[in-house]
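> kindly generate the corresponding structure for this input.
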Amino acid sequence: MMKKYKMAINVLVLCILVLALSACLFGLFSGGGNGQYDFKSINNETVKIYGSGIYKNDSISGAAQAKASDFVTLALGIPLLIASLYFAARGSFRGRLMLTGTLGYFLYTYMSYTFLLTYNPLFIVYAVIMSACLYAFILCLMSFEIDKVPAMFSERLPTKLLGGFQLLVGFSLCLMWFGKIAPTIFKGTIPLGLDNYTTLVIQGMDLGIIVPAAFLSGILLIKRKPFGYLLSSVIIIKGVTMLTCISAMIVNMALAGVEVSAAEILVFPILNLFAIICLIVLLKNTAKGLA
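Numbering: from 1, shown residues only. Below is the predicted model of the structure:
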């Protein structure tokens, strides 16, 4: 099945690599601007704007998160995408799983860049990467013969452990984001960290996409359903890269003097560690051969 979509996937991934590399380098090293300044938001809050480089119109918090994301994408995401494409092209089942999961990370990242960051000259680049990631991700999922996927995993695969981790991720995100949002609904206040933006894009993506996917894949894997094996692999691989990115964001925000909630400081690094453990367990119980 992989051969049917191989050319399209290769072209899309190469496009993603070139554009993402360019976007990361611009994000990390672009200069210019007049430096930090105060801005009165639409919610009548005074927000400190970064004022330099490609993220000059974003808040200090937003720029810190974007730069941390650029660094992780450059240091981890791009090498992982190259390696997984190479092994996937050779027919490796592990390589195909890693490629699909890594594309999930890139899709989430550049969807957030497209819809969250204040408009900048790289907007069309973000949109193209997002689009290429979406269709490459879909094609990768379509390349698997779902009924044959369970046979590529060891019978000793701890499905309850891996499925339970995904349920934990879903519940943790729900508790954390509802804890952030609910008080603003009943009190008519503005969520902490909204800054100069107009809505909670990341929370919307997590609650609308990541949480349902984590619950669905976790339950299906615990029940040992064929699609559960595939979706769980994607969620866990994407989780490692995304949680690493979020952990780096938290560190960079703290270094920039941005207030970070205790829940975020504790929850994301812990989930990141669990995700790495789950990925190791997953790969140890995945067939090494071609598929």
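
> CA only for contacts and neighbour counts going forward, please
Fine.

> quick check: residue 187 vs residue 181, distance?
Distance of residue 187 to residue 181, given as C-alpha to C-alpha, to the nearest Å: 10 Å.

> more neighbours, these two?
Legend: neighbour count by other C-alpha atoms under 10 Å for residue 187 and residue 181, higher for residue 181 (17 against 8).

> which SS state does residue 48 fall under?
With DSSP: H, G, I helix; E, B strand; the rest coil as the basis, residue 48 sits in strand.

> that one: neighbour count?
Neighbours of residue 48 (other C-alpha under 10 Å): 19.

> I figured it was touching residue 37, is that so?
Yes. Between residue 48 and residue 37 there is a contact under C-alpha atoms under 8 Å: 5.7 Å.

> shared neighbours, these two?
Counting by C-alpha atoms under 8 Å, 6 or more residues apart in numbering, residue 48 and residue 37 have no common neighbour.

> wait, residue 95 touches residue 85, no?
Yes. Under the criterion of C-alpha under 8 Å, residue 95 makes contact with residue 85 at 6.9 Å.

> convert the C-alpha atoms of stretch 100-114 to CSV, please.
Extracted in CSV, the C-alpha atoms of stretch 100-114 (Å, rounded to 0.1, in the frame of the first residue of the first chain):
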residue,chain,number,x,y,z
THR,A,100,3.1,9.4,10.4
GLY,A,101,3.5,10.5,14.0
THR,A,102,6.2,13.1,13.1
LEU,A,103,3.9,14.6,10.4
GLY,A,104,1.3,14.8,13.2
TYR,A,105,3.7,17.0,15.1
PHE,A,106,4.4,19.3,12.1
LEU,A,107,0.7,19.5,11.3
TYR,A,108,-0.2,20.6,14.9
THR,A,109,2.8,23.0,15.1
TYR,A,110,2.2,24.9,11.8
MET,A,111,-1.6,24.9,12.3
SER,A,112,-1.0,26.8,15.5
TYR,A,113,1.5,29.1,13.7
THR,A,114,-1.1,29.8,11.0
